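Trainee: Predicted model and sequence follow; I will ask about them next.
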Amino acid sequence: MSDNSIKILAGNSHPELARLIAKRLGIDLAKVAISKYPNQETAVLIGESVRDEDVFIIQSGCDEINDNLMELLIMINACKSASARRVSAVIPCFPYARQDKKDKSRAPITAKLVANMLNVAGADHVITMDLHASQIQGFFDCPVDNLYGEPSVLRYIKENIPEWKNAVIVSPDAGGAKRATSIADQLDLDFALIHKERKKANEVSRMVLVGDVKGKIAILVDDMTDTCGTLGLAAKTLVNNQATDVYAIAIHGVLSGKALSVINDSVLTKVVVTNTIPHGPKKELCPKIDTIDISSVFAEAIRRTHNGESVSYLFGHVA
């Protein structure tokens, strides 16, 4: 696809994914210089004309989240000021998506604040993947395409997990039951659930398995894995219930804190994450991590958006 009226810009959060997407579209990334002044203010300079162009800015919510978010907002605003026809924010992993509801007194709904900031900066369209809660789409005043990693996960299971027909899809908590049952139905496999009992936030006191995994491969499915504490405990629970192997698949592999040592010390056979968040150096420290490349899904979403085609085909198919 070589079209002069489309420009793809990349922030500093995930240049590798941006390069893969641009390569799949057969175009070069537009020139952008992003720097910081000595007082830590972010400076952005778009290095080529975007007047009357369809601009896609690729920036994921990871690592230095606040810096990356600020970069994205400034880049959107710079393109709007430079008379871009339409500016789409491509955010593979949406920042602050877990703060999407008022679950305690005086708690902010930060995901709504981020949506407001993107709207005010001038985003005309947002493309993201597997929002923590799909209702976040309603926080925006512009169209949002929430792509799904599920088709890519299904393909990975069929191609990379031997004996996958003798597997059980397991949700590590009640919240992910819908996602796990959807995958189990499409693969025609059984489903199990792990019930977590928490004493305090981020600390699980014990886990109870609902379902049968005896003599089967257990495949844990989640939308995001952060410190991997839940996955480690869940894997132990499954092995105690006589599962033969335990795989964990998550769309967004945040892998922060002690995540790598937890994975290395756990009974997990593999932890599979997509490249919505960069984890190249982490793979060297943790050989159990495997990657699903989702650049094709975003490239196809960008192509379809630019050409005015339906994006819903991607909800159930791998691009």
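Mentor: Yes, it's here.

Trainee: Just list the residues touching the closest residue in space to residue 73 that isn't next to it in sequence, thanks.
Mentor: Closest residue to residue 73 apart from its sequence neighbours, by Cβ to Cβ, 6 or more residues apart in numbering: residue 121 at 4.3 Å. C-beta coordinates here come from the backbone N, C-alpha and C atoms, glycine included. Listed by Cβ atoms under 8 Å, 6 or more residues apart in numbering, the contact set of residue 121 reads 72, 73, 74, 76, 77, 80.

Trainee: Which members of those are positioned in helices?
Mentor: Among these, the members falling in helices (DSSP state H) are 72, 73, 74, 76, 77, 80.

Trainee: In TSV, list those along with distance to residue 223 and neighbour count.
Mentor: Shown next, in TSV, are these (distance: Cβ to Cβ, whole Å; neighbours: other Cβ atoms under 10 Å):
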residue	distance to residue 223	neighbour count
72	21	28
73	25	22
74	29	17
76	25	27
77	30	16
80	31	17
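
Trainee: just the residues you listed now: which is nearest residue 191?
Mentor: residue 72 (37.3 Å; Cβ to Cβ).

Trainee: Report pLDDT for that closest one.
Mentor: On the pLDDT scale, residue 72 is placed at 98.

Trainee: That one contacts residue 10, correct?
Mentor: No: using Cβ atoms under 8 Å, residue 72 is not in contact with residue 10, being 10.6 Å away.

Trainee: Please enumerate the shared neighbours of the two.
Mentor: Common neighbours of residue 72 and residue 10 (Cβ under 8 Å, 6+ apart) are 57, 59.

Trainee: Give me the number of neighbouring residues for residue 38.
Mentor: Residue 38: 5 surrounding residues under other Cβ atoms under 10 Å.

Trainee: For this protein, name the helix or strand with the lowest mean pLDDT.
Mentor: strand 203-210 (a mean of 81; mean pLDDT, DSSP states H and E).

Trainee: Determine the set of other helices and strands touching that one.
Mentor: strand 190-200, helix 229-240 (3 or more Cβ pairs under 8 Å, 6 or more residues apart in numbering; DSSP states H and E).

Trainee: that older thread, tell me the one of the ones in helices among the contacts of residue 121 nearest residue 42?
Mentor: Closest to residue 42, out of all of the ones in helices among the contacts of residue 121 and judged by Cβ to Cβ, is residue 74, at 5.8 Å.

Trainee: can you tell me how far that closest one sits from residue 224?
Mentor: Note on residue 74: its distance to residue 224, by Cβ to Cβ, to the nearest Å, is 26 Å.
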